[in-house]
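> only geometry, no sequence info:
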C-alpha cells in the first residue's frame, strides 16, 4: 500500500502521497490523507491506516530543546513519543522484546527523515526519499530527474511513475510543502 515521496528544493521541502487503500487484491481510493502536519512537522505514512490516524490525531510532539541536535532528538525524544503513541493506541507489536511500528517519512527542520518499522531513523544524502510499495519506482524517477529545477513536477512524476508500475499506488495525489 502506498507511495510517500519527499523532496528538498532550494525553497522548500515537498512531501506527497497517493490515495490507495489496498487489502489483498482489493483497492479503493481513500479521502483520508496520508500526508499531514503535526506541529512543526510534515509526516507521510504507509503501513496502516491505524498508524496514520494515531500519528495525525494522537501524537503529542515533545519539546525540542536547543541543546539537542536534530538527529539526536529524532532518534530518542521523538521516537519515544511515537512509541508511546502507538502503545497507547494499540498499534505496536512486540516480538522477543523487540517493538515494531510502521514506516513513515518526517519533514522537520529542513530535513527529511525516514522512520522504519523497528524505529530506526535514517536521513538520505540524496535530498529526497520515499517509502511504501512504490518506493523504488519513485526513487528511480527522482534520481533520473535530478537535473530538473521544478521540484513540484519531479515529485508529481515520481508519484505517477510509482502508480504506473505498482498496483498498490494510485491517485489522486496530495502534496504539502514546508518552506526553507
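Done, it's in. This one's a predicted model, so the numbers in the text were calculated from it and none came from an experiment.
> what's the pLDDT at residue 1?
Looking at residue 1, its pLDDT is 77.
> In this structure, what residue spans correspond to helices?
Under the criterion DSSP state H, the chain contains helices at 49-57, 70-73, 79-89, 135-144, 151-165.
> Nearest to residue 100 among those helices would be which one?
Nearest to residue 100 among those is helix 79-89 (9.1 Å), distances taken as Cβ to Cβ. Glycine gets a C-beta too; all of them are placed from N, C-alpha and C.
> The closest one - contacts with which helices or strands?
Under the contact criterion of 3 or more Cβ pairs under 8 Å, 6 or more residues apart in numbering; DSSP states H and E, helix 79-89 touches helix 49-57.
> How much space separates the residue nearest to residue 80 when sequence neighbours are not counted from residue 76?
Nearest-residue entry for residue 80: residue 62, 7.8 Å, with adjacent residues in sequence omitted and distances by Cβ to Cβ, 6 or more residues apart in numbering. Per Cβ to Cβ, to the nearest Å, residue 62 is found 10 Å from residue 76.
> just residue 14 next, same as before
According to Cβ to Cβ, residue 14 and residue 76 sit 27 Å apart.
> Would you enumerate the residues in contact with the most centrally placed residue in the chain?
With distances taken as Cα atoms, centre = their mean, residue 105 lies nearest the centre of the chain, 2.6 Å away. Contact partners of residue 105, counting by Cβ atoms under 8 Å, 6 or more residues apart in numbering, are 4, 6, 15, 43-45, 112-115, 129-131.
> So which elements touch the one helix or strand in the chain whose mean pLDDT sits lowest?
Lowest on mean pLDDT, DSSP states H and E among the helices and strands of the chain sits strand 93-95, with a mean of 85. Applying 3+ Cβ pairs under 8 Å, 6+ apart, one finds that strand 93-95 contacts strand 98-100.
> Sounds good, over and out.
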